[in-house]
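Peer 1: I would like the atomic coordinates for the input below:
(chains A and B)
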Amino acid sequence: MKRNDLAVRIGGQAGDGSLATGELLSKFFRRNGFFVATDKDFPSRIRGGHTSYAIRGAQKEIFSIGDNIDVLLAFDEDSISLHLDEIESGGLLIYDNSRKDMDIERKDIRMYKMPLANIAKDKIGLELIKNTMALGVLAYLFNFNESLMRETIHDSYKNKSEKIIEENIKAFEVGLEHAKNFQKMENYKIENLGVREDTLLLMGNEAIGLGAMAAGCKFIAAYPITPASDVLEFLSKHLPERGGIAIQAESEIAAINMAIGAGYAGMRSMAVTSGPGFDLKTEALGLASMIEQPVVVLDAMRSGPSTGMATKTEQSDLFHAIYGGHGEKPRIVIAPGNVEEAFYFSFHAFNLAEKYQVPVIILSDELISWNKQVVKKFKLDGLKIERGKIMLKIESQDREFKRYEFTEDGISPRPIPGVKNGIHLETGDEHDEYGHITEKIPNRNKMMEKRMKRMDFMKKDLFPSIVQGEGNIAIVGLGSTQGPIMEAIEQLNERNVNVKYIRIRTLSPFLDDVKDHLKNVDLAFFVEQNYTGQLENLVRLYTGFDKTYAIRKYDGRSFKPKMISSKILEVLGK
Amino acid sequence: MIDVKLYDKETPTWCPGCGDYGVLTALKRAAANLELDPSRTVVVTGIGCSSKINSYFYSYGIHTLHGRAAAVAEGIKLANPDLEVIVAGGDGDAYAIGTEHFVHLARRNLDIAYIVMDNQIYGLTKGQVSPTSEEGFVTITTPYGSPEKPVNGPLLAFSAGATYIARGFSGDIVQLSKLIEDGIRHKGFALIDVLSPCVTWNKINTYDWYKAHSYQLKDHDPSNKAKAFQILSDEDHLALGLIYKKEEKIYEEKLPRKFVANPFQNIEVDKSIENIYEEFL
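Peer 2: Here you go, the predicted model:
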């Protein structure tokens, strides 16, 4: 008997409506009192090509869809050839055989064939509504709370016409009715735990947008790019009512330069992008570092290089985010591991950017940006705005202001244009304390040191690694691998293998705590989604630690917990 | 009127005789006539000899990247529309590496004046061909003559929807300062394209050459769009004066924002995001 944990994969051709159905199901899970994790897998085009959306709801806190799925809802044959093996023994395949009917080889699962599209066309006159019908089928077979499901469907379409709501409710009822021809899945128990009112269901990109707004960000400039566009779309809707602006720039380069301009004028600003766009932004990031202006940039990492696989995840921009661009420059790079953290990191990014007058890069990956998770409503009371040495008024009456004054911590007072007595020039050329262009030797050295020493002073404000468990075997990772790693650790614990999990959250500047955490470790498994082991190399570089074993993946799909746990067991000889 | 000396800053390092001296003088005069408050004015520049102009003009200034001045300026203007934002730079900045921003700034019609100092050569990098160099022009990177047609910057701005297009000559500071002054005063995007000779690297397009190839517009109605197009299209005879002007809504007025967040106001944690939570239930 499997209780209160159900993973469903909905597969079909792009345009079949798998994503919308998945959204509905994830909403239902939240309202049912479950935690949620999702994983989208679709091609970079509008129609055609196989798309699938996995949604898992569970009573326990989860961050990944896990190893296997319990239900495969297949609207096309690709779903079966690609995902049949993923179905847990004792699980279920629902196959819409309206278009074709293929033979399927698996004795250990239940297989229900039903011509959902045809029934939808017959009974409702709309083929596409087969999706909502399928939810009716699931609801019957797994004893979902039916009225909660109806309510969820109703709310999901509440901005549409009455007719659309009615049709969907009807489709749900048709599904329920049709499912009665099949045996219920009595080996599963899905209880209604009651909605937890203090939770939200949202994806990383939305959390980043909310975090930015909470921090008083009033300016976003971006060029549409997968998987970062959601943040621009979200803020385009919500910034105007807050006196702010969202602008779809003519290019990635325009976007970052606009954001720098807005930041210079005193408005908290951000630019959001992914790898290819981040490439284009590196020159401007150098400018921000040189003129010591705050700007927040999201790089939602996707599979590269070049266009790569635009809709697939990867963790391959680490070095690029930390060092990308010519010259040496101060820069903060932080990597959230889940949706909740994405909100708080986004909020703090704006404080860090102003306090240290540097660009802050939020390094997410596609899985965090798109993964929908149930999170606790954000605690706004504990948050504080910190603007560092911004000057909105200046008493002294010098004709020119020492914008780049040498100070103990390397941070200089920052008047914004419009401030009387704050007049100065900012320039990407090497400059003196007033911003006058100069290439003189003592000044160059002092300015380099001034800019770079902030990287030490800021360490106290950055996010240390999160360490769970203990022992001399470690797993090290960052970002979205948190989900599969946490479940891999459960699997290892079941085999009496204890590990210490070190999740690194700040990449630049590299924090000293990582070395301490690795002190008594005999072997560290570096789990990362790239080919060259960027995190492993970074840790080696900064800590000298070299007792490593690489578990890497670069096929664009997220890790499964078993890929991690079985490799570790194999290496340890257990 | 304010004394033009208010706007003096560092002594320029331009070559003696450089056309950009005339532009700097004209800009200072325009600023004085407009009584621009240096603490509420931002001169945004890119890279090149002419982009050094904000080292020599007393106001807030930001010297950015090659080609990106227009984009930075847009961010500044949108963040604080009360500021007077002036972009200045060369033909490389506006008509080559930064063409995208130039075109899109013009089409957005933000209230920004852009002074382009066109010398038809790359000066700071020592004499390479420029986007406005004549076809056949011989430089160190086009030793056999440039095979490319020059970019007609003002016509480009016209087609992008610019609402103020003027051409001046750095040899005529009186007219130029008036064109700059009116361009800054103009509500919307204003292009002031300036024939500004490079005396060191361009021995063809000299002061005398520009005098011979330009003419003063007389009895021209700048609101006549068809006529403006005709004038701008004539690349053999360069018209001096205000070529085109149109009153149109500016970008800032078309934004959906309910109010303009004031960068001088204290920022507090925006708890109103809780009103958005209903999207996530």
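Peer 1: residues near the closest residue in space to B:I121 that isn't next to it in sequence, how many?
Peer 2: Spatial nearest neighbour of B:I121, chain neighbours left out: B:N202 (4.1 Å); criterion: C-beta to C-beta, 6 or more residues apart in numbering or on different chains. Using the backbone N, CA and C atoms, a C-beta is placed for each residue, glycine as well. Counted with other C-beta atoms under 10 Å in any protein chain shown, the neighbours of B:N202 add up to 21.
Peer 1: Likewise for the one 4 residues further on?
Peer 2: Around B:T206 sit 15 other residues, with neighbours defined as other C-beta under 10 Å.
Peer 1: A:K130 and A:D122 touch, don't they?
Peer 2: No: at 11.1 Å, A:K130 does not count as touching A:D122 under the criterion of C-beta atoms under 8 Å.
Peer 1: Now do the contacts for B:G153.
Peer 2: With contacts defined as C-beta atoms under 8 Å, 6 or more residues apart in numbering or on different chains, the neighbours of B:G153 are B:91, B:94-95, B:102, B:116, B:118, B:132, B:191, B:193.
Peer 1: ditto for A:L72
Peer 2: The contact partners of A:L72, by C-beta under 8 Å, 6+ apart, come to A:8-9, A:11, A:79-80, A:83-84, A:86-87, A:91-94.
Peer 1: How about B:A157?
Peer 2: B:A157 neighbours (C-beta under 8 Å, 6+ apart): B:102-103, B:106, B:165, B:189, B:191.
Peer 1: now, which of the contacts of A:L72 lie close to chain B?
Peer 2: The subset of those within reach of chain B, by C-beta under 8 Å from any C-beta of the partner chain, is empty.
Peer 1: Mind checking which of those residues land in helices?
Peer 2: Those of the contacts of A:L72 mapping onto helices are A:79-80, A:83, per DSSP state H.
Peer 1: Quick one: buried ones out of those?
Peer 2: Listed as buried from the ones in helices among the contacts of A:L72 are A:79-80, A:83; burial here means 16 or more other C-beta atoms under 10 Å in any protein chain shown.
Peer 1: Not counting its neighbours along the chain, what's nearest the residue of chain B found nearest chain A?
Peer 2: Minimum separation of chain B from chain A (C-beta to the nearest C-beta) falls at B:G75, amounting to 2.5 Å. Closest residue in space to B:G75, ignoring its immediate chain neighbours: A:G261 at 2.5 Å, by C-beta to C-beta, 6+ apart.
Peer 1: what helix or strand does the one you found sit in?
Peer 2: helix A:252-264 (DSSP states H and E).
Peer 1: farthest-separated two in the contacts of B:A157?
Peer 2: Across those, the longest distance by C-beta to C-beta is 13.5 Å; it joins B:V103 and B:I165.
Peer 1: What number of residues are in the vicinity of the residue of the stretch 151-300 of chain A found nearest chain B?
Peer 2: Scanning the stretch 151-300 of chain A for the residue nearest chain B gives A:G261, at 2.5 Å (criterion: C-beta to the nearest C-beta). Neighbour count of A:G261, defined by other C-beta under 10 Å: 32.
Peer 1: same thing with A:K121?
Peer 2: As a burial measure, A:K121 scores 16 neighbours (other C-beta under 10 Å).
Peer 1: for B:A190, what are its contacts?
Peer 2: Contacts for B:A190 were tallied using C-beta under 8 Å, 6+ apart; they are B:112-114, B:162-166, B:182-184.
Peer 1: rerun that using 6 Å as the cut-off
Peer 2: Residues near B:A190 by C-beta atoms under 6 Å, 6 or more residues apart in numbering or on different chains: B:113, B:164, B:183.
Peer 1: For chain A, give me the ranges with low pLDDT.
Peer 2: Applying pLDDT under 70 to chain A flags residues A:46.
Peer 1: Can you read off the pLDDT for the residue lying closest to B:T13 once chain neighbours are set aside?
Peer 2: Nearest non-adjacent residue to B:T13, counting by C-beta to C-beta, 6+ apart: B:K52, 7.1 Å away. pLDDT for B:K52: 98.
Peer 1: so the closest residue to A:A7 other than its chain neighbours, which of the three states?
Peer 2: Nearest non-adjacent residue to A:A7, counting by C-beta to C-beta, 6+ apart: A:R56, 3.9 Å away. When classified by DSSP: H, G, I helix; E, B strand; the rest coil, A:R56 comes out as strand.
Peer 1: doesn't A:T38 make contact with A:R56?
Peer 2: No: applying C-beta atoms under 6 Å, one finds A:R56 not in contact with A:T38, separated by 7.3 Å.
Peer 1: Close to chain A: what parts of chain B are there?
Peer 2: B:38-40, B:42, B:60-63, B:65, B:68, B:71-72, B:74-76, B:78-80, B:83, B:100-101, B:104, B:256-261, B:263-264, B:267, B:269-271, B:273, B:277, B:280 (C-beta under 6 Å from any C-beta of the partner chain).
Peer 1: Quick check: ChimeraX command selecting the buried ones in those.
Peer 2: Buried members of the residues of chain B next to chain A, defined by 16+ other C-beta under 10 Å, are picked up in ChimeraX with:
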select /B:38,39,40,42,60,61,62,63,65,68,71,72,74,75,76,78,79,80,83,100,101,104,257,260,261,263,267,269,270,273,280
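Peer 1: And stretch B:111-121, what's buried?
Peer 2: If you call a residue buried by 16+ other C-beta under 10 Å, then stretch B:111-121 has these buried ones: B:111-121.
Peer 1: Would you mind measuring from A:F219 to A:G17?
Peer 2: Note on A:F219: its distance to A:G17, by C-beta to C-beta, to the nearest Å, is 36 Å.
Peer 1: Looking at those two, which one has more neighbours?
Peer 2: Applying other C-beta under 10 Å to A:F219 and A:G17 shows that A:F219 carries more neighbours, namely 28 against 22.
Peer 1: quick one, phi psi at the nearest residue in space to A:T226 that is not next to it in sequence?
Peer 2: Nearest residue to A:T226, sequence neighbours excluded (C-beta to C-beta, 6+ apart): A:A310, at 4.8 Å. Note on A:A310: backbone dihedrals following degrees, to the nearest 10 are phi -60, psi -30.
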